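In: Fold the following.
(chains A and B)
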Amino acid sequence: MEQFKQVDGIVVPLDRANVDTDAIIPKQFLKSIQRSGFGPNAFDEWRYLDQGEPGMACSDRPLNRDFVLNQPRYQGGEILLARENFGCGSSREHAPWALKDYGFRVIIAPSFADIFFNNCFKNGILPIVLEDKMVDRLFSEVVAKEGYRLQIDLEQQQIAGSDGGTLPFSVDPFRKQCLLEGLDDIGLTLRHLDEIRGFEQQHRKNCPWLFAEVTV
Amino acid sequence: MRAQTLYDKLWQSHLVRTEEDGTALIYIDRHLVHEVTSPQAFEGLRLAQRTPWRVDSILATPDHNIPTANRAAGITDPIAKLQVETLDENCRQYGITEFTMEDARQGIVHVIGPEQGAILPGMTVVCGDSHTSTHGAVGALAHGIGTSEVEHVLATQCLVQKKMKSMLIAVDGEVTVGVSAKDIALAIIGKIGTAGGTGYAIEFGGEAIMNLSVEGRMTLCNMAIEGGARAGIIAVDEKTIDYFRGRPYAPAGALWQEAERYWRTLHSDDGAEFDAVIHIDAATIRPQVTWGTSPEMVVGVDGVVPDPAAESDTTRAEGIRLALKYMGLEAGTRITDITLDKIFIGSCTNSRIEDLRAAANLVAGRKVASTIKLALVVPGSGLVKRQAEEEGLDRIFTAAGFEWRDPGCSMCLAMNADRLSPGERCASTSNRNFEGRQGPGGRTHLVSPAMAAMAAINGRFTDITVES
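Out: Residues are numbered from 1 along each chain as shown, chains lettered A, B, ... in the order given. Have a look, this model is predicted:
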């Protein structure tokens, strides 16, 4: 997995609660068997005026100029500022794949849906939970100032603004370490191979019906 | 010993190890796999030169993007076809049991799992699909996971997870006749909100829940994720145990006896403490209809579309305004004045035999309204379809003007050809009413199978507890 240490990037404000994974990446793009290439279709139904289908060249499609991702001042954004319950709905990992492929490395919101939150960490995206009033403040700052940037430092667990002010954030220590070192979850788990085998043996004794041969 | 919740018991019995910060490895008994969220996981496995840890724990089937009509012609969409073939090939390569599109047992992954007895009480279950919460209905601990986790479980048989908080939602007393598990689920989400269960494993209890059939409990737990909870669970009782007798993957003989003894322990102990407890009076639950673009935007069928001006929270008011605009609805409109274009009866929420019976019961001898462009019934599995046909339900539906299809996810997420056109309004027994969920620009109202059936007949929503 790609390491995550610091990001200094333009902030894109998506001022909407309960943004679901169907909105982040619509279902027609889930037919792909690849992990990459979803960026041009992130927020497809909000971003374009026509109906997107896999294989379409997005550079030729009519843009919804009102949508925040299409506004010139937010081009190249790496930090997505969002509202409560971001990423609710389906477990599709295509959602963080699409956001990452678009260029987002950090998402700041007052709350996230569980599965999406978890999927972010597996893909080198840092989701940051801040209090409602802090998120409100960031929304008003980003809207007020073109080119608004934030510096995110995972090691220090700190968000810094261009005015020199800083804000701490919390992150699960295990997930922090995985991101900082770009660790592969599977490799980490397989360090405990013997423990898993030992557990499995005991589990087979306790619940033999779970291991019975099935002939259907 | 401290009184334990059902969640405590399921967690503890699968705990391989815990780190100091609480990060744990839990052992997974059953892994359900479908075509959409698995190809990248198998590819990752191959790239790292790993193989599945325990092939016999995996059961696969294609469901999300297969056609529900004219199957003999195969899959015409080349991208969908490649995805289904990729699943077939991955299963062949590793020797994984797959019910392919041609298999009579194929169906929606969350319908076929319990139907086969491949899900059992006390199991830990994962699937790369958020509606895996369905399986908590039989006292299993079931998590929806992402594709990286699918790969992780394939490679290690374990899931990295922190223990969630516990919530008890008790639905006390009895529901009115005509109020189903779906209505209970939507009423709960309306009360707690779509983020109300975030970070929790929710145990559903109380008289109204234990009165539900096992299939009804599946409908309820299926929608736990729409309330934000990754897992919903219900205690094992006599109905649960009876449900599994004779199922192909269920144990038999002495192993059954041993399993049954264990299953009877799968309930929260008296005095077990939950981090949150919510009580709901069953008698207050009306048949539910969603009016917006989130499952929490729901009201009783006797209610009206809400007015954003009456909402004091500005973010919420804006959410209501956006939803009404998308849905093409005016504040104050009576739910029973909303007319429909299409009807969808199906999905992992409501495509089991009892759902089809409940719908057919109201359809029998009647005709779908002339204003309805399409009314679809999509059984949850090949075996549900066969059973329904044996009972003559298919003929009731087709005589009324419904189409009777082959099993799959179909118009719940519209990955295949079954979808809404922009602006079309659908009464749907599925689980999500997000923008574009049933097709770009499509407008979804979530309801129970009986409510969808009556909406088909009348062309608009009807209070089935009054007029059926």
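In: Residue B:398: what's it in contact with?
Out: Contacts for residue B:398 (CB atoms under 8 Å, 6 or more residues apart in numbering or on different chains) come out as residue B:404. In this view, the C-beta of every residue, glycine as well, is placed from N, C-alpha and C.
In: helix, strand or coil for the residue lying closest to residue B:440 once chain neighbours are set aside?
Out: Using CB to CB, 6 or more residues apart in numbering or on different chains and skipping the chain neighbours, the partner closest in space to residue B:440 is residue A:51 (5.0 Å). Secondary structure for residue A:51, judged by DSSP: H, G, I helix; E, B strand; the rest coil, is coil.
In: per-residue pLDDT, residue A:51?
Out: Per-residue pLDDT puts residue A:51 at 93.
In: List phi and psi for it.
Out: Main-chain dihedrals, residue A:51, degrees, to the nearest 10: phi -90, psi 120.
In: for residue B:404, same thing?
Out: Dihedral angles (degrees, to the nearest 10) for residue B:404: phi -110, psi 110.
In: Show me what it is bridged to.
Out: For residue B:404, the beta-bridge partners are residue B:377 (DSSP bridges).
In: Break down chain A into its helices, ranges please.
Out: A:21-24, A:44-47, A:94-102, A:114-121, A:132-144, A:173-181, A:185-189, A:193-206 (DSSP state H).
In: Oh, that last question was meant for the stretch 301-450 of chain B, not what I typed.
Out: In the stretch 301-450 of chain B, the helices defined using DSSP state H, counting those that start in this stretch lie at B:314-327, B:353-363, B:382-390, B:393-400, B:449-458.
In: ok, and which of those has the densest surroundings?
Out: Using mean count of other CB atoms under 10 Å in any protein chain shown, the stretch among the helices of the stretch 301-450 of chain B with the largest mean neighbour count is helix B:449-458, at a mean of 28.
In: List the contacts of residue A:94.
Out: A:21, A:25, A:29-30, A:32, A:38.
In: check contacts around the residue nearest to it when sequence neighbours are not counted.
Out: Once flanking residues are discounted, residue A:94 sits nearest to residue A:25: 4.7 Å by CB to CB, 6+ apart. Residues counted as contacts of residue A:25 (CB under 8 Å, 6+ apart) are A:38, A:41-42, A:44, A:92, A:94-95, A:97-98.
In: and the stretch 101-250 of chain B, which of its residues are near chain A?
Out: B:116, B:120, B:122-123, B:128-130, B:132, B:144-149, B:151-152, B:155-158, B:160, B:162, B:194-195, B:198-199, B:225, B:228-230, B:248-249 (CB under 8 Å from any CB of the partner chain).
In: quick one: the nearest residue to residue B:333 once chain neighbours are set aside from chain A, how far?
Out: Closest residue to residue B:333 apart from its sequence neighbours, by CB to CB, 6+ apart: residue B:305 at 4.5 Å. Relative to chain A, residue B:305 is positioned 18 Å away (CB to the nearest CB, to the nearest Å).
In: Check whether residue B:305 really touches residue B:328, as I assumed.
Out: No: with contact defined as CB atoms under 8 Å, residue B:305 does not reach residue B:328; the gap is 10.7 Å.
In: Tell me which of these two has more neighbours.
Out: residue B:305 (22 against 11; other CB atoms under 10 Å in any protein chain shown).
In: which residues does that one contact?
Out: Counting by CB under 8 Å, 6+ apart, residue B:305 makes contact with B:291, B:299, B:324, B:329-333, B:335.
In: Please report phi then psi for it.
Out: The phi/psi pair for residue B:305 (degrees, to the nearest 10) reads phi -70, psi 130.
In: swap in residue B:158?
Out: Main-chain dihedrals, residue B:158, degrees, to the nearest 10: phi -130, psi 160.
In: which residues does it bridge with?
Out: Following DSSP bridges, residue B:158 is listed with bridge partners residue B:27.
In: wait, it sits on residue B:15?
Out: No: between residue B:158 and residue B:15 there is no contact under CB under 8 Å: 10.1 Å.
In: which residues are in contact with both of those two?
Out: B:25-27.
In: What is the nearest of those residues to residue A:156?
Out: Nearest to residue A:156 among the shared contacts of residue B:158 and residue B:15: residue B:25, at 29.4 Å, using CB to CB.
In: Let me see the contact set for the residue nearest to residue B:235 when sequence neighbours are not counted.
Out: Once flanking residues are discounted, residue B:235 sits nearest to residue B:267: 3.6 Å by CB to CB, 6+ apart. By CB under 8 Å, 6+ apart, the residues touching residue B:267 are B:6, B:139, B:235-237.
In: Helix or strand for residue B:267, just tell me which one.
Out: Following DSSP states H and E, there is no helix or strand that holds residue B:267.
In: residue contacts, residue 184?
Out: If you meant another chain, say so; for now it's chain A. Shown in contact with residue A:184 (CB under 8 Å, 6+ apart): A:1, B:48.
In: if you could check chain B rather than the one you did, that'd help
Out: Listed by CB under 8 Å, 6+ apart, the contact set of residue B:184 reads B:171, B:175, B:208-209, B:212, B:220, B:282, B:285.
In: how near is it to chain A?
Out: Applying CB to the nearest CB, the value for residue B:184 to chain A is 21 Å.
In: May I see the buried residues of the helix or strand harbouring that residue?
Out: Per DSSP H and E: residue B:184 is located in helix B:181-192. Neighbour-count burial for helix B:181-192 flags B:181-190, B:192 (criterion: 16 or more other CB atoms under 10 Å in any protein chain shown).
In: got it, and stretch B:272-284?
Out: When neighbours are counted by 16+ other CB under 10 Å, the buried residues of stretch B:272-284 are found to be B:272, B:274, B:278, B:280, B:282.
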